[in-house]
Each structure stands twice: as C-alpha cells, then as structure tokens.
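[1] sequence unknown, structure follows:
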Ligand code: SF4
C-alpha cells in the first residue's frame, strides 16, 4: 500500500510507520518504551526531527511525542532513523496497539513500586497476540507505581495501580466507565499484565462498534465486569490523587515545555543536561512534563538552571502551566486560529483560573473542564466558562480580543 493511501485512512492514531497528514505536513507519533527515552534516543529523535521534519516536537497527553512537518520525500528517512534507535515496532498495527502509559518516576522515586516490568510484559503480549491487534487504536492501558507523582487519575481503558507503594502487595485493576475508573479488584504483581490482556480480549469479544471500554453500554459492561471480578481479589478504592511535579523533588527534576511544544534543540540540550546530571533517561508524562532523575540535589539544581536557560518551564507557579492549548493553525488543518499565540498572550494577563484554548470543538489538549475555554471557529473564538470545548459558547469574540477574553 502506498504511503498516501495509508495516511488517508480515517480513525487511525498516527505512528512512525503510519504517519498522519496535518496542517504543517506529516506527523509521526513516537511511542517510547515504558514511558522513557534513553539519552541517545532523545538526542537521535531531536536530530531526526530537525533533519526530516520542521524541528517541532509535541508532547502528547498519552506520554508520547510527535515529530511534525515531515514531507512525502523525507518521511522514509525519519522512519529509518527512528528504527535505528529501536523505537519502532514490527509493523504499523503492533505500533498502533502499544498504548501504555507508565508512571514517570517508576524506578527513580523510592516511594513507588517499579512497575516497568509489568508495562514491558504487557507490551510483549500486545505485540505477540495477533488477536489483541483487533483492539481499537485509541484503546489504552495505564500502569502506576502507587507513588505521589501518580498517573492513576488519568483516563485509560484498563488501569493497573500498585497497592502499597514501594513494596507493592499487588495491583488494583481499574476499568474505564462514563463515571470514571471502576476499581474492580486486585491481582498479584506477576499476573497483572496477563490480567490486563485478558480483559482486553473480553472487550474485543463484547464490543460491536465501540472504540472505548467506557462506550460499551450498561449490559455488555456488566457482563465484562462480572467475568473480570471472578478472577480478582478484593480491593478498596485506591487513592488516585495525581500530582504534577514541576521543579525539584529530592534529586528528581520535572520540567515542562510551553503548551507541550518542544523544539528539537531543546530536546537535544535537555539530553545533554541530563547526562551531566548523571541520568540515563528522560521520562514522559501524560501531563506533558518531562522528568529526569539526577545523581544528587546539586546536580538537580544545575539541571534546573540549564533547563530554564533553554526555555523550559521549571517553576510550578509559571502562569503558562494554567493554560492548555492544542497546536492550532497552521499546524492543524482543523483550526482557523493560532491557538498558541493566543495562549501566550493570555498567560500575560491577570487571570488565575485554568484556561483551555482549542483550535476546534474536538478539544485535543484537555478533556477536563476549564474555567475559561476558547474554541476556534472561522477565525474567531467561542467563549465558554466552566466547561469544555464541546459546550455551547456564551459569546463569540475576535481572535485579537485577548484582553476581553479574560473579562469573566
Ligand atoms: S482540537 Fe481541533 S484544532 Fe486542535 S489539534 Fe485537535 S483537531 Fe486540531
């Protein structure tokens, strides 16, 4: 099949082997193994983004990254470069199914269980079992180590969360429902990946057209839940408080890229700073912050200073962190407004609530409600208060009226 035929297929999530057309060319989503990029991988991706794309790299809400601005002539070079780094799967279907979020401090923070082996086993199962490749492309998993910097509050079809933090006594098993995660039981650590794969197989057997577990409907969901419950131990409702760390915690450093957009030179420099700090990898998170485990507090401080100097956010009170903005125009063909330019102007204004600037009603950058939501349409913005991008706007304003937009 030609590349053009592949990228015209609707409903796929993009990958390296199956890029997607966007407003600024093709984009390729890179799925790091177990949520981490070795430093040579990070540097290699930065080089490839600059050489074959336009140098823009977006961090995604699934803890992946997207290389943008590829041309029909350059995409093969990018695919070869990423393959040499070991970051592509056997084929595009296996790549599309490897949707596993991993808590970013696993193996770094002694306060949480190192659950990376569970995520690795699950990735192997997804690659080996061709039946699991019938999962819809947006179907995803989450594996959390039970520490304070937790991803357990993020949305995933199947969640596994360590019980008991550093010395985990087992894994809580959660299923995504319209009302949030339904923690249905617990499983021993060494069975957790198999349990998650088994639940996914049951979903495949019950789903009709549904692409997510939360869309199954009461009847099929009740049947799935009953089958799953039989094989699990008891569980309470685990604490799922998520805490986004930006700055320093002990010897761990969390940094963010403004509106989730990294430039290739920033990723390359961050890899260099991480190496000087004694780290071996860079961790990704669903809130689009990056984490590095430094050798000690002094190395962490030096890394923070360096990250600030290359334009990354290192302060949890930075007003940009209150704002979510999708790529918008010209990067996305669905947008008629330059969302990130608007977001940058809003960051300078004295509004202290959360803000979501979305290029269209799809609302890619944020699913939770925000205090102020701006949704682009025909070059203007619909204004919504305390809602999300799909809600009905209260008024429409010109894209340049940033000062009016915060007049709530
Ligand atoms: S919200 Fe709309 S404009 Fe923004 S990235 Fe998603 S599809 Fe594109």
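    Thanks, I have it. Just so it is clear, the structure is predicted and the values come from calculations on it, not from any experiment.
[2] Residue 296 and the ligand: what is the separation?
    Residue 296 sits 40 Å away from the ligand when distances are taken as CB to the nearest ligand atom, to the nearest Å. (C-beta placed from N, C-alpha, C; glycine too.)
[3] Quick one: residues contacting residue 189.
    If you count contacts by CB atoms under 8 Å, 6 or more residues apart in numbering, residue 189 has them with 113, 115, 118, 162, 168, 170, 171.
[4] Quick check: which ranges of this protein have low pLDDT?
    1-11, 165-166, 242, 402-408 (pLDDT under 70).
[5] Show me how it divides into domains.
    For the chain, automatic domain parsing gives the domain ranges 113-146+155-230, 249-316, 320-405.
[6] residues in the stretch 201-350 of the chain within reach of the ligand, list them.
    Residues of the stretch 201-350 of the chain lying near the ligand by CB under 6 Å from any ligand atom: 326, 327, 328, 332, 334, 335.
[7] measure the third one to residue 86 for me?
    Put plainly, it is residue 328. Distance, residue 328 to residue 86, using CB to CB, to the nearest Å: 33 Å.
[8] So the two - more neighbours on which side?
    Taking other CB atoms under 10 Å, residue 328 and residue 86 do not tie; residue 328 has more neighbours (26 against 11).
[9] need the contact list for the nearest residue to residue 379 once chain neighbours are set aside.
    Sequence neighbours aside, residue 336 is the residue nearest to residue 379 in space, at 4.8 Å (criterion: CB to CB, 6 or more residues apart in numbering). Contact analysis of residue 336 by CB under 8 Å, 6+ apart lists 329, 359, 376, 377, 378, 379.
[10] Please apply the same query to residue 247.
    Taking CB under 8 Å, 6+ apart, we find residue 247 in contact with 253, 254, 304, 314, 315, 316.
[11] repeat that with 10 Å
    The neighbours of residue 247, taking CB atoms under 10 Å, 6 or more residues apart in numbering as the test, are 253, 254, 255, 256, 300, 304, 313, 314, 315, 316, 317, 318.
[12] out of those, who's nearest the ligand?
    Ranked by distance to the ligand (CB to the nearest ligand atom), those are led by residue 256 at 18.4 Å.
[13] is it true that the closest one touches residue 307?
    Yes - with contact defined as CB atoms under 10 Å, residue 256 counts as touching residue 307 (9.5 Å).
[14] Identify the contacts common to those two.
    290, 313, 314.
[15] Which ones among the residues you listed lie within helices?
    Among the shared contacts of residue 256 and residue 307, no residue falls in helices (DSSP state H).
[16] Name the nearest of these relative to residue 322.
    Nearest to residue 322 out of these is residue 313 (CB to CB; 11.3 Å).
[17] helix or strand right after the strand or helix carrying residue 43?
    If you go by DSSP states H and E, residue 43 is part of helix 39-52. Proceeding N to C from helix 39-52, the next assigned helix or strand is strand 56-59, under DSSP H and E.
[18] Contacts for that following strand, please.
    Against strand 56-59 from outside (CB under 10 Å, 6+ apart): 24-25, 27, 29-30, 45-46, 48-50, 64-69, 256-257, 259-264, 266-267, 284-290, 326-327, 331.
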